[in-house]
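A.B. asks: got a sequence here, can you build the structure:
(chains A and B)
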Amino acid sequence: MNSEKIVQYIQKHCIADDWTLKITKDDSHETRFAQNVITQHIAGAMKEISLSVSFGSKSGSCTVNQDDEESLAYLVKTAEEIAKLAPEDPEFVPSVGKMDIPEIANCDPQTKALEPKQLVDIVQTSINKAKTFGATVSGLTEKHIETNALFTKNGFAGEYEKSDFGHSMTLKKEEVETKVAYEAKNFADFNLQILLEKLLNQASSLAVKRTFEPQKIAVLLRPLALQELFWFMGWMMDRRYADEGITPFTNQIGNPFFGEKFSWFSTCKQPTLLAPPFAHDGIIAEEIPWVEKGILKNLATSRYWAKKIGSKPCDIYNMFIPGEGYSEEEMLQMVPRGLIVNSFWYIRTVDTKAGEFTGTTRDGVWYFEDGKIQYAVNNLRFNEIPHNATGRIIATGISELANPISLLPPMLIDNFNFVDKTSF
Amino acid sequence: MKYLDLAMNAAEKFGAEYADIRIQKTTDQVIYLQNLSLKHTSNNVLQGYGIRVFKDGAWGFAHSNVFNEEAVLATVKKAVEIATLSAEVNKTQKLRLAPERSYIATYRTPVKIDPFTVPVSEKIDLMMEVARTMLAYEGIMKTVFLMILHKDEKLFASTLGTRLDLTTQFINPMITAVAVTESDSQSRTFDEGGRAVGWEWILELDLREKAKQIAEEAIIKVKADTLGAEERRSLILDPNHLGLTMHESVGHATELDRVLGWEADYAGVSFATPEKLNNYHYGSELINFVGDNTLEEGLATLGFDDDGVPGQKWYIIKDGILKEYGSTRDTALEIGLNASRGCNRATYYFNQPINRIPNLYLLPGTKPLTPGELIADTEDGVYIQGRGSYSIDHHRINFQFGGDFFWEIKNGKLIRPLKKVIYKSYNPEFWNSCDAICDERFWRPFGVVNCGKGQPPQTGRMTHGASTARFRNIRVGGSQ
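C.D. replies: Numbering: from 1, shown residues only, chains lettered A, B, ... in the order given. Next up is the predicted model:
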């Protein structure tokens, strides 16, 4: 049954005062490889149909993945029964009404047309290259075509398709391990040879490793590392939690809470960046400055909280951090010494009110001095407050895609707080 | 079901050396209450089937949610096609499956009261009462009550002749109170991580009393002192806290797929490599870790894993020495094991199973010892209850953990509550520093239902357990 017919069924059979219908489809192909062997190979299509209904302010929901009439009847009956049993919700908001939905090119035809054989050929080429280097490679090659649709009784009707292609590689040779990854909506921008060259160069540069003690030191964080850190901070950037005094952003809107070299936007206008035209609750994607030249401009605001405080609902749907355009070589010359960090791992909140996080480095850390990389070092643990760290930004590079929803530059940050080291 | 035989016959006809089909219906009920606003109450039913084909040393896995003969055959064909593509790559380095016999069996999680039959209104009434109890305390700004009910109904068939009918389920109630002052916010959580039992557990828990306790402790915590600079101190860890500590630093480190490097690109690898088996001092002589997928009320007690291998019980660490791993049919032979330990599990029908942590627990101490006696025997330390911030490196060596509630110990007494405590350690220093474990009277199980691993990511579940234990000379301090 297609989306239109499912909507017609709900319109005909749902007797609730209000309803919201979500339909998600995902046609995917995933090839996992490790130690030069394909270990998993997965293909299939999925569909989920979710219905939320309300009688007055009493709400209930149900999700199924079958679209025959019997399943849809169960969907409607179950959601309605739950809603009737629920108490009145003091924070209820009705479903969104008709909206103008922006047209955003999120689905790339070339990505959509990728065949399993092409994906396996990419894996085979990667393994062959690793073998010639006397190494093993592990990774994931994947393709997803996802459709998201949202319909409400109040007239919202939106549907969009998005594509995703990814190829990641972790190379291991003796004690050296390092990773490169490409993930974007466009397959056309993928260049396996350049990615492999980058992987082997990284691996070669990690061959000589020295022990490095934890300390506060300048770091050049590459985009993959930064996006991991800033997304964790982004999950805290919620207006309600700030207003309730839970996070560090309490009463900070309009203030220079971040460093002046730091800005963060969600945008539909960067062609390589994925931008879902609407969120799960119908909030429309707009150009939103979250932080502009260090000033906290907005925090993600739910529809309920926006209504309560007389604001506009908004959602962090992607991350565009503009850069100053410095090259990595130029930034290395701006401080006497420091570390280059490829990526972070296992970031977790340490202190919610302070906005402090911990995590470790991964896939390559290099010590530089006098403008040049000197040698590789062991991995390190950090405890750091990202919004404070933006106040120590010395320079930023050229924004590049770290994943489909993150476009950001490498950053040179002073006095990054490393507190412990690993044995590798 | 007719599709089991249809799929297995087709797989053999298409040249599979081994194949299995897992028809799985997963039912979740999720109720999420924030303060007195019911944010989400949902019943979710996902059903479909996944077909694995093993051919020429490689896997192909295809899934579908369309139940008719044509779709089943097309899914088998797709699994065979992608297994054939994989086999081209694996020509010089084939995967191998450990031998296994066939089984015809049924397993059901023993429940006295099926939680899905308890009216939603009864659950919501309880949850609202718990929330009102916590919100009645001045200083509690936010409360959360998340109730998850989960049931998996599986029919499994393989070309070995195995036919399994498995129904497993769990409940997980989680309650959080957040206290806020002008300068800080702190939360306290009741979370036993889920248990494979029925609604009777919820009735036994007395959640109204738990609500009072966590609200009061959240208020104590937000006003508590911080510890200051990092120093080496003794740590006394309660069973709930130890559940996640062992999950991260022992459970994941002894998954054989990580040991082999199969998770190198994402979840990471392990320092506990095969040459360390039977000689590596992972912990002190008090440390005995058991893998046990037969554990009563265990979240990984499923009868059989998704390789069709029955639940087992074995030592992973004995008297402090690394003995074995959690393994699967496609990893066991790689290190010379004769058979799998039955740790291959998938979350939903559309997931290919992966090597998972079994129910894994620390055996209690053999000499009589209470937590009170352990505290009384400690001059300078910190007592940690519950789970907090957890971070460990991708080799499972260096870690930094927090907790949910903290007391400073001086001269054998709990002298003041603390907040923002973190400790840093690494394998094998941490488990070798254990010098006392309370006895079996104080052994408690704690579950994990959100163990993230794999690409695409899956959430696994398993139970851990321990008695309160002491660790000497650990770096403990306050956050920044």
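A.B. asks: find the nearest non-adjacent residue to the residue of the stretch 51-200 of chain B found nearest chain A, please.
C.D. replies: As assessed by Cβ to the nearest Cβ, chain A sits closest to B:His63 within the stretch 51-200 of chain B, at 3.7 Å. C-betas here are computed from N, CA, C, even on glycine. Leaving out its chain neighbours, the residue that sits closest to B:His63 by Cβ to Cβ, 6 or more residues apart in numbering or on different chains is A:Gly44, at 3.7 Å.
A.B. asks: how close does that neighbour sit to A:His13?
C.D. replies: Using Cβ to Cβ, to the nearest Å, one gets 29 Å for the distance from A:Gly44 to A:His13.
A.B. asks: and B:Asp114, what is it in contact with?
C.D. replies: Contact partners of B:Asp114, counting by Cβ atoms under 8 Å, 6 or more residues apart in numbering or on different chains, are B:198-199.
A.B. asks: dihedrals phi and psi, it?
C.D. replies: With angles defined as degrees, to the nearest 10, B:Asp114 sits at phi -70, psi 120.
A.B. asks: do the one 10 residues further on as well
C.D. replies: Geometry field for B:Ile124 lists phi and psi as phi -60, psi -40, criterion degrees, to the nearest 10.
A.B. asks: roughly how far apart are A:Trp231 and A:Thr267?
C.D. replies: Here A:Trp231 is placed at a distance of 16 Å from A:Thr267 (Cβ to Cβ).
A.B. asks: same question for B:Leu260.
C.D. replies: Using Cβ to Cβ, we find B:Leu260 at a distance of 43 Å from A:Thr267.
A.B. asks: and for B:Phe446?
C.D. replies: 44 Å.
A.B. asks: neighbour-wise, which of these two wins?
C.D. replies: The neighbour count for B:Phe446 versus A:Thr267, taken as other Cβ atoms under 10 Å in any protein chain shown, is higher for B:Phe446 (26 against 17).
A.B. asks: which helices and strands does the host helix or strand of that one pack with?
C.D. replies: Assigned by DSSP states H and E, B:Phe446 belongs to strand B:444-453. With contacts taken as 3 or more Cβ pairs under 8 Å, 6 or more residues apart in numbering or on different chains; DSSP states H and E, strand B:444-453 sits against strand B:163-180, helix B:239-246, strand B:458-466.
A.B. asks: for it, the distance to its chain's centre please.
C.D. replies: Distance of strand B:444-453 from its chain centroid, counting by Cα atoms, centre = their mean, to the nearest Å, is 3 Å.
A.B. asks: average model confidence for it?
C.D. replies: The average of the pLDDT scores along strand B:444-453 is 96.
A.B. asks: buried residues in it?
C.D. replies: Residues of strand B:444-453 classed as buried by neighbour count (16 or more other Cβ atoms under 10 Å in any protein chain shown): B:444-449, B:451, B:453.
A.B. asks: need the contact list for the residue nearest to B:His63.
C.D. replies: Taking Cβ under 8 Å, 6+ apart, we find A:Gly44 in contact with A:27-28, B:50, B:62-64, B:75, B:78, B:350.
A.B. asks: ramachandran angles for it?
C.D. replies: The phi and psi values for A:Gly44, taken as degrees, to the nearest 10, are phi 160, psi 170.
A.B. asks: beta partners of it?
C.D. replies: The partner list for A:Gly44 in beta bridges (DSSP bridges) reads A:Ser28, B:His63.
A.B. asks: before we move on, back to that, from the contacts of A:Gly44, which is closest to B:Thr254?
C.D. replies: B:Thr254 lies nearest to B:Gly50 out of the contacts of A:Gly44, by Cβ to Cβ, at 26.3 Å.
A.B. asks: what's the distance between the spatially closest residue to the closest one that is not a sequence neighbour and B:Lys13?
C.D. replies: In this structure, B:Gly50 finds its nearest non-sequential neighbour in B:His63, 4.3 Å apart by Cβ to Cβ, 6+ apart. Plainly put, B:His63 is 20 Å away from B:Lys13 if you go by Cβ to Cβ.
A.B. asks: who's more crowded, these two?
C.D. replies: Neighbours were tallied for B:His63 and for B:Lys13 using other Cβ under 10 Å; the higher tally belongs to B:His63 (26 against 11).
A.B. asks: so that one makes contact with B:Gly48?
C.D. replies: Yes. Contact criterion Cβ atoms under 8 Å: B:His63 and B:Gly48 qualify, at 6.0 Å.
A.B. asks: quick check: neighbours shared by those two?
C.D. replies: Shared contacts of B:His63 and B:Gly48, defined by Cβ under 8 Å, 6+ apart, comprise A:46, B:349-350.
A.B. asks: B:Gly454: how many residues sit nearby?
C.D. replies: B:Gly454 has 25 neighbours, counted by other Cβ under 10 Å.
A.B. asks: how about it, phi and psi?
C.D. replies: The phi/psi pair for B:Gly454 (degrees, to the nearest 10) reads phi 90, psi 160.
A.B. asks: return the distance of it relative to chain A.
C.D. replies: 8 Å (Cβ to the nearest Cβ, to the nearest Å).
A.B. asks: for B:Gly381, same thing?
C.D. replies: Noted for B:Gly381: a distance of 20 Å to chain A, by Cβ to the nearest Cβ.
A.B. asks: pretty sure that residue sits against B:Ser234.
C.D. replies: Yes. If you go by Cβ under 8 Å, B:Gly381 and B:Ser234 touch, sitting 3.3 Å apart.
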